[in-house]
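Starting from these lines, generate the structure:
(one chain, ligands or ions: 3)
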Amino acid sequence: MTTPKFSRGTLNTFASPEQMSQVSRALHGVGRKLALVPTMGALHAGHRELIRRAKRLPNTVVATSIFVNPLQFGAGEDFEAYPRPLEADLDVLREDGVEIGFTPAADALYAEGAVVTVHPGPLGDELEGAARPGHFAGVLTVVAKLFNLLQPDYAFFGEKDYQQLVLIKRMVRDLNIGTRVIGVPTVRERDGLALSSRNVYLTPEQREDAIVLSAALTAGAFVGRDGADAVLETAWKTLAARPAVEVDYLELRGTDLGPAPVDGEARLLIAARVGSTRLIDNVPVLLGASVDHPAHPERDAGE
Ligand SMILES: Nc1ncnc2c1ncn2[C@@H]1O[C@H](COP(=O)(O)OP(=O)(O)OP(=O)(O)O)[C@@H](O)[C@H]1O
Ligand SMILES: CC(C)(CO)[C@@H](O)C(=O)[O-]
Ligand code: BAL
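Ligands and ions are numbered 1, 2, ... in the order given. You can find the predicted model right below:
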């Protein structure tokens, strides 16, 4: 079988997994590296930041996959409603200088009767996994399939989906996958709201309410020096200003999502429902009095 055509400096789109795999092997064969940015489409500035970082790598072809993965959606979730503006997405990829767009159909990616999946371990049932049973098995399975098909040297994921990033890093480590996973800080609107494809579901009023997620996280992180209880109390106080926002969880964890340390780096994570839209966010927190915190002039003046 002849290798499908790949032209440098332009967007090449492939829907066939077999063709995608052939092209990536051919590119590796001529010494090019591959960076993969997996997405579900409806591309926004968060995705574009992942692409921008990938584009910085030397001698590397950037591939973006666009695939709304049925396996990671539970019954009653928004699989059907999820936005799919494919033509606009391909325009974004062209504008950003992406050379490969991989847009498989679900029945091409999943063989009929496929039953083997990647089990995420206990963390897969916590936080997002508690609210979305089976979600992370679906995510890890599709990411493993993408890694197998493209054999990317690098793959970029956003910290907005922090638990997903931790689990993908763990999968790569535990299954000896040769891809280097790179996390990218969350891109936000000017009022702090984390960019998400699901923000389009919000009414103008809900959009106002949604600001409280990032406001609560940053308020909590700001008092990290005073310890875990202070962080959580401050975040909850901020959340109380928007009673229409229904918090699913607000948790302080270690950076690997194990228990938070008394002193050191931690992560504050939230999931909340604004109307019928479920939003997530998280921020880094420095915990305890014995670590160096950024200066806080008013308080430090009194010490
Ligand atoms: N605001 C953001 N900043 C940085 N990365 C992001 C941001 N939003 C999404 N990403 C990353 O882009 C990749 C693709 O995510 P996805 O296509 O699900 O978009 P999304 O906006 O997270 O959609 P959803 O609202 O369904 O979670 C993931 O690695 C995700 O973490
Ligand atoms: C990583 C991913 C593309 C797998 O479907 C998805 O979970 C996402 O967009 O974050
Ligand atoms: N960004 C994570 C994909 C999901 O919510 O299904």
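
drop to CA atoms for contacts and neighbour counts, all remaining ones
OK.

Show the contacting residues for residue 143.
Contact analysis of residue 143 by Cα atoms under 8 Å, 6 or more residues apart in numbering lists 38, 168.

can you give me phi and psi for it?
Taking degrees, to the nearest 10, you get phi -70, psi -40 for the backbone angles of residue 143.

For it, give its distance to residue 280.
20 Å (Cα to Cα, to the nearest Å).

And residue 41, by the same measure?
18 Å.

For the stretch 1-150 of the chain, give me the ranges with low pLDDT.
The stretch 1-150 of the chain contains residues with pLDDT under 70 at 1.

how about the residues of it that lie near ligand 1?
By Cα under 6 Å from any ligand atom, the residues of the stretch 1-150 of the chain that approach ligand 1 are 38-41, 46-47.

These in strands, which ones?
Under the assignment DSSP state E, those contribute 38-39 to strands.

Let's see if you can find the most crowded of the residues of the stretch 1-150 of the chain next to ligand 1.
residue 47 (25 neighbours; other Cα atoms under 10 Å).

list the contacts for the residue in the stretch 201-303 of the chain that ligand 2 sits nearest to?
Taking Cα to the nearest ligand atom, ligand 2 has its nearest neighbour within the stretch 201-303 of the chain at residue 280, 11.9 Å off. Neighbour list for residue 280: 160-161, 269-272 [criterion: Cα under 8 Å, 6+ apart].

same deal with residue 256?
By Cα under 8 Å, 6+ apart, the neighbours of residue 256 are residue 166.

any idea how far it lies from residue 230?
21 Å.

same thing with residue 124?
The value you get for residue 124 to residue 230, if Cα to Cα is used, is 28 Å.

tell me which element the residue in the stretch 101-250 of the chain that ligand 2 sits nearest to falls in.
Across the stretch 101-250 of the chain, no residue is closer to ligand 2 than residue 139, which sits at 4.8 Å (Cα to the nearest ligand atom). Assigned by DSSP states H and E, residue 139 belongs to helix 135-150.
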